[in-house]
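*Asks:* Sequence first, predicted coordinates after that:
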Number of protein chains: 2
Amino acid sequence: MITNKNCIIRLSRYKNSLYRLQSLGFVKVFSENLADAVGVTAAQVRKDFSLFGISGNRRGGYEIGSLLEKLNTILGKDQVQKVVVVGAGHLGGALMRYNGFEKEGIKIAACFDIDPATYDRASRIPVLPIEELRAFVKDNAIRIGIIAVPDVAAAQVAEQMSNAGIRGILNFAPIRLKVPEDVTINNVNLELELENLIYFVNILNKTKAK
Amino acid sequence: MITNKNCIIRLSRYKNSLYRLQSLGFVKVFSENLADAVGVTAAQVRKDFSLFGISGNRRGGYEIGSLLEKLNTILGKDQVQKVVVVGAGHLGGALMRYNGFEKEGIKIAACFDIDPATYDRASRIPVLPIEELRAFVKDNAIRIGIIAVPDVAAAQVAEQMSNAGIRGILNFAPIRLKVPEDVTINNVNLELELENLIYFVNILNKTKAK
DNA sequence: GTATTATTGTGAAATAAATCACAATACATG
DNA sequence: CATGTATTGTGATTTATTTCACAATAATAC
Ligand SMILES: NC(=O)c1ccc[n+]([C@@H]2O[C@H](COP(=O)([O-])OP(=O)(O)OC[C@H]3O[C@@H](n4cnc5c(N)ncnc54)[C@H](O)[C@@H]3O)[C@@H](O)[C@H]2O)c1
Ligand SMILES: NC(=O)c1ccc[n+]([C@@H]2O[C@H](COP(=O)([O-])OP(=O)(O)OC[C@H]3O[C@@H](n4cnc5c(N)ncnc54)[C@H](O)[C@@H]3O)[C@@H](O)[C@H]2O)c1
């Protein structure tokens, strides 16, 4: 079982590049092309594939169609993935209005909030009371949830999600969540990302100044 | 020069935890406490510090105040960092309305867009025509920019930013940007994060099922 | 003031990830 | 059908990161 996050992210990137190549009319691809498209080395591409038992044709490269099939299976893209968002504020609202997820086979099935002013059952993506989270998640067999509530509420929401049966959480609140070990958390911490950028901008500036 | 992103992210986490401990009244901290708070090993904490020449007192732990000072210097937090956002749409709007950045000493100085309907010079954070980016960045000595425009516009905006003198870009558009090597890019690709989560949820589910 | 103890700081060791390098081999060419 | 060539697949190597383990040492106890 491969648990190297970077490796899985690369698979996603290969997949995305392959769709682009396919839409350009390409049918076959060499590790070298794919590497260029994604910004890694050709050896890395082949190694990644080798790790997942994906093979091409010696001297013939890879057939894009079947390569995509294999990647999609590994990445769980053979069916539309339904997710829920908790927190219908600024960020939650932006996520609900974003149409880039559908293209990737990711559907926001509903949003949940604690504030009645946000509720809207009639909307394309309904906004429902948080009390209905559990039933909704069970009824729709949802396994992925997005936390877009203030940090003080995030721990509680994480617990509600976990109890409801959600197994993967994308967390935007800038705190560390404690969840059972069978729940995976991916944090998106923008403060940290910016702080990180500042560090790298500073050191690169200093080095050049020398 | 340390260029390990994870290591720098840990420094930020140490810093955040230290503020929390400090506000709780603590004055000293041991690597063990900090490790627990951040979710790493004590050896990792000490090694990270050692890498940056930070030292504490044998048997006495670290004095939180001076530790914070050192971390803040390393992380460039000794002054408020001004950043600009390009793209005043859903995401850009959410970022502008978010007040969590100020707490971290990060100030969104202005937002830029191409659509006149979004312009608003009177707002707390002005929304200005993209043509003014260059002058604004120069006048305010800004080095960090956030890209929140559609993917088709992102490459162009990255170039405009780079030309204007921006040296660090936080990019939300789901594409790979090409920039001069003295510009650092941190990508936040939510599609990828979700796809990644789906993979881990799937494999963990399968493993347990065995 | 000496012994005991807790904690740091850091080389050494272990582990993880990326890259190298080349044998295996399928296709092309004549 | 033999020869040459391009490309894969992967074991070996290198590089990066984390963990270990323990000497150095400062605070505490007696
Ligand atoms: N807005 C941004 O650009 C931005 C940037 C970085 C991080 N974040 C993080 O994302 C999260 C959301 O930010 P935001 O700006 O959208 O906040 P927001 O205040 O606009 O929205 C939060 C929403 O969560 C709801 N909520 C609060 N407690 C809840 C609970 N227990 N259960 C269900 N819903 C609850 C509120 O009613 C509100 O609608 C925060 O943790 C924030 O730190 C946001
Ligand atoms: N909204 C989300 O939740 C979300 C989620 C994931 C990724 N993203 C990414 O973030 C980016 C922004 O998404 P959004 O939903 O805010 O889009 P949006 O369409 O709501 O807003 C985009 C804004 O950019 C402006 N713009 C377009 N071209 C420009 C240019 N050349 N220069 C300056 N401004 C320009 C538009 O006028 C608009 O105001 C996209 O790349 C999207 O893929 C958004």
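*Replies:* Thanks, I have the structure now. Numbering: from 1, shown residues only, chains lettered A, B, ... in the order given. Ligands and ions are numbered 1, 2, ... in the order given.

*Asks:* OK, now which residue of chain A is nearest to DNA strand D?
*Replies:* A:S55 (2.7 Å; CB to the nearest atom of the strand). (Glycine included, C-beta is placed from N, CA and C.)

*Asks:* and that residue, how many residues sit next to it?
*Replies:* 12 (other CB atoms under 10 Å in any protein chain shown).

*Asks:* Name the helix or strand for the residue lying closest to it once chain neighbours are set aside, please.
*Replies:* For A:S55, ignoring the flanking residues on the chain, the nearest one in space by CB to CB, 6 or more residues apart in numbering or on different chains is A:F49 at 7.0 Å. For A:F49, the enclosing helix or strand under DSSP states H and E is helix A:42-51.

*Asks:* Does the helix or strand following that helix reach DNA strand C?
*Replies:* Next along the chain after helix A:42-51, taking DSSP H and E as the criterion, comes strand A:62-63. No. Judged by CB under 7 Å from any atom of the strand, strand A:62-63 and DNA strand C are separated, with a smallest distance of 10.2 Å.

*Asks:* packing partners for strand A:62-63?
*Replies:* strand A:28-29 (3 or more CB pairs under 8 Å, 6 or more residues apart in numbering or on different chains; DSSP states H and E).

*Asks:* hang on, the earlier thing: quick one: the residue nearest to A:S55 and A:A43 touch, right?
*Replies:* No. Look at A:F49 against A:A43 with CB atoms under 8 Å: they stay out of range, at 10.8 Å.

*Asks:* Mutual contacts of these two, please.
*Replies:* Counting by CB atoms under 8 Å, 6 or more residues apart in numbering or on different chains, the contacts common to A:F49 and A:A43 are A:S31.

*Asks:* More neighbours: these two, which one.
*Replies:* When A:F49 and A:A43 are compared for neighbours, A:F49 comes out ahead with 20 against 11, by other CB under 10 Å.

*Asks:* Near A:F101, how many other residues are there?
*Replies:* Other residues lying near A:F101 total 17 when counted by other CB under 10 Å.

*Asks:* In contact with A:L194, which residues are there?
*Replies:* B:Q81, B:V83, B:F101, B:E104, B:I106, B:I144, B:L170.

*Asks:* Please name the residues that touch the fourth one.
*Replies:* Contact criterion CB under 8 Å, 6+ apart gives A:E191, A:L194, A:E195, B:K77 as the residues in contact with B:E104.

*Asks:* pLDDT value on the second one, please?
*Replies:* Going back to what we said before, that points to A:L194. At A:L194, the predicted lDDT confidence score is 98.

*Asks:* So which residue is dead centre in chain A?
*Replies:* A:L170 (7.7 Å; CA atoms, centre = their mean).

*Asks:* tell me the contacts of the closest residue to ligand 2 within chain A?
*Replies:* Using CB to the nearest ligand atom, A:Y98 is the residue of chain A that sits closest to ligand 2, at 3.4 Å. Contacts for A:Y98 (CB under 8 Å, 6+ apart) come out as B:H90, B:L91.

*Asks:* so where's chain A shaky on pLDDT?
*Replies:* Along chain A, segments meeting pLDDT under 70 span A:209-210.

*Asks:* Tell me where chain A has strands.
*Replies:* A:28-29, A:62-63, A:81-86, A:106-113, A:127-129, A:144-147, A:168-171, A:184-187 (DSSP state E).

*Asks:* now, of those strands, which is deepest in the fold?
*Replies:* The highest average neighbour count among those, using mean count of other CB atoms under 10 Å in any protein chain shown, belongs to strand A:144-147 at a mean of 26.

*Asks:* so does that strand get close to ligand 1?
*Replies:* No. Using CB under 6 Å from any ligand atom, strand A:144-147 never reaches ligand 1; the gap is at least 7.3 Å.

*Asks:* quick one on the thing from earlier: thought B:E193 was touching the residue nearest to the centre of chain A, still the case?
*Replies:* Yes. Using CB under 8 Å, A:L170 is in contact with B:E193, at 5.6 Å.

*Asks:* does any bit of stretch A:110-124 sit next to ligand 1?
*Replies:* Yes. Stretch A:110-124 reaches ligand 1 (CB under 6 Å from any ligand atom) through A:F112, A:D113, A:I114, A:D115, A:T118.

*Asks:* quick one: the fourth one from A:P126, how far?
*Replies:* The reference is to A:D115. Distance of A:D115 to A:P126, given as CB to CB, to the nearest Å: 15 Å.

*Asks:* now the third one
*Replies:* Using CB to CB, we find A:I114 at a distance of 15 Å from A:P126.

*Asks:* Just the helices from chain A, written as ranges.
*Replies:* A:5-23, A:31-38, A:42-51, A:64-74, A:90-97, A:100-103, A:133-139, A:151-164, A:190-209 (DSSP state H).

*Asks:* Could you list the contact residues of chain A toward DNA strand D?
*Replies:* A:30-32, A:42-43, A:46-47, A:49-50, A:54-62.

*Asks:* List only buried entries from these.
*Replies:* Among these, those buried by neighbour count (16 or more other CB atoms under 10 Å in any protein chain shown) are A:F30, A:S31, A:R46, A:F49, A:I54, A:G56, A:G61, A:Y62.

*Asks:* mind listing what the closest residue to A:Y119 other than its chain neighbours touches?
*Replies:* Excluding the flanking residues, the one nearest A:Y119 by CB to CB, 6+ apart is A:V127, at 5.4 Å. Listed by CB under 8 Å, 6+ apart, the contact partners of A:V127 are A:A88, A:A110, A:C111, A:F112, A:D113, A:T118, A:Y119, A:D120, A:R121.

*Asks:* now A:V127, which residues is it bridged with?
*Replies:* Under DSSP bridges, the beta-bridge partners of A:V127 are A:C111, A:D120.

*Asks:* Next, the contact list for the closest residue in space to A:V83 that isn't next to it in sequence, please.
*Replies:* Spatially, and ignoring its direct neighbours in sequence, A:V83 is nearest to A:I144 (4.2 Å; CB to CB, 6+ apart). Under the criterion of CB under 8 Å, 6+ apart, the neighbours of A:I144 are A:81-84, A:166-170, B:194, B:197-198, B:201.
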